[in-house]
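1. give the three-dimensional model of this entry:
(chains A, B, C and D)
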2 protein chains.
Amino acid sequence: MLLAFYKSLVWCYVNSMIDSKNTGKGKGVDGRSPCPVACSLDLLGDKWTLLVVRDLLLGKTTYTGFQRSPEGIPTNILAERLKRLQAAGIIEKSQYQERPVRYAYRLTEKGRDLQPVLLAMIDWGNKHIPGTVPRAEIEAMAQRLSEEK
Amino acid sequence: MLLAFYKSLVWCYVNSMIDSKNTGKGKGVDGRSPCPVACSLDLLGDKWTLLVVRDLLLGKTTYTGFQRSPEGIPTNILAERLKRLQAAGIIEKSQYQERPVRYAYRLTEKGRDLQPVLLAMIDWGNKHIPGTVPRAEIEAMAQRLSEEK
DNA sequence: TCTAGTTACTTTCTTTTTGCAAGTCACTTG
DNA sequence: CAAGTGACTTGCAAAAAGAAAGTAACTAGA
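-> Numbering: from 1, shown residues only, chains lettered A, B, ... in the order given. Alright, predicted model coming up:
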């Protein structure tokens, strides 16, 4: 019972150990807790963000490219997510031509490091959601998309 | 140009190949697309669901236990998420005592299979979000929580 | 040159979801 | 018998999502 109380406090305790408000040093986390899962979800926890990252990992780079994915992301949400991902240092935006101006979005190293998360989701989806495109097919597709420019 | 059009249609093509409306066999996917990432996000893509799964992997089993996590999930959202996870076969609800009635939530195999997703998120968070609790500490905590009952 | 089309968005508006607070109900413990 | 606990439900304001249309800069074709 006391133990139960202790258990419930473990995270809060760790929290107070690490929270920048208490230590005063470093930037620390600014999310709901110092849990890496919670912090990741603060950034990526919605229905669209990781789909954009998926498209980027598949080799897509343009606004319209993301829009054309079969899930049909609403344009205002896409614009907002691209800004957030850029602000978080997960993607970079570069102008690849003038007249007419065109932009390319690319993953940074921080963004590419999300690949294991996506792969784990693909494996889980393949195992537990019938009818999902198998990982091998997705990897082949990424290959095809990256070969041509 | 024609190639670009082809590229944009790849997913739609795969979609039509696999969609149960076209094949007629099996249940198929019911989400936004047959992409395993999109399907996983239809179920898990929000700020709270995977935190509940995290708690379950750490060994928590009760409603109040989830509520006491440092992120402070609102009670109505917790109730709704538990129902969704149960409906999706990711968790099971069991009554572990009468008078007073008390319930325990536990991960099914499908739910435990989400561990690699969480671990990938932990690793990413640890690498890219300063101040997050390291994976080793989380694993030690899970150990401590599971040793006592 | 006029028209239609493309890319990369922004704006507006409606609907849905979230988050907070409070309330409920069955029981237990002092 | 009053206060507390576990497991929720209900009501409501605020935030976010989603649909649709609009904008701006430029191109390519009739």
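2. mind checking which helix or strand the closest residue to DNA strand D within chain A is in?
-> Across chain A, the shortest distance to DNA strand D (Cβ to the nearest atom of the strand) belongs to A:P100, at 3.5 Å. (C-beta placed from N, C-alpha, C; glycine too.) Assigned by DSSP states H and E, A:P100 belongs to no helix or strand.
3. burial count for it?
-> 5 (other Cβ atoms under 10 Å in any protein chain shown).
4. output the lowest mean pLDDT helix or strand found in chain A.
-> helix A:20-23 (a mean of 38; mean pLDDT, DSSP states H and E).
5. what helices and strands are in contact with the very next helix or strand once past it?
-> Counting by DSSP H and E, the next helix or strand C-terminal to helix A:20-23 is helix A:36-44. Contact here means 3 or more Cβ pairs under 8 Å, 6 or more residues apart in numbering or on different chains; DSSP states H and E; on that basis helix A:36-44 packs against helix A:49-58, helix B:49-58, helix B:115-128.
6. where's the next helix or strand after the second one relative to the chain centroid, distance-wise?
-> Meaning helix B:49-58. Sequence order places helix B:63-67 as the next helix or strand after helix B:49-58, per DSSP H and E. The chain centroid and the centroid of helix B:63-67 are separated by 17 Å, computed with Cα atoms, centre = their mean, to the nearest Å.
7. and chain A, which residues reach DNA strand C?
-> A:62-65, A:75-76, A:79, A:82, A:93, A:100-104 (Cβ under 7 Å from any atom of the strand).
8. make a ChimeraX selection of the buried ones in the residues you listed.
-> Here is the ChimeraX command that picks out the buried ones among the residues of chain A next to DNA strand C, judged by 16 or more other Cβ atoms under 10 Å in any protein chain shown:
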select /A:63,65,82
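9. does chain B sit close to the helix or strand hosting A:E137?
-> In the assignment (DSSP H and E), A:E137 maps to helix A:135-147. Yes: under the criterion of Cβ under 8 Å from any Cβ of the partner chain, helix A:135-147 makes contact with chain B via A:R135, A:E137, A:I138, A:M141, A:R144, A:L145.
10. tell me what that helix is packed against?
-> Using 3+ Cβ pairs under 8 Å, 6+ apart, helix A:135-147 is in contact with helix A:49-58, helix A:115-128, helix B:2-18.
11. pLDDT of it, averaged?
-> Mean pLDDT, helix A:135-147: 86.
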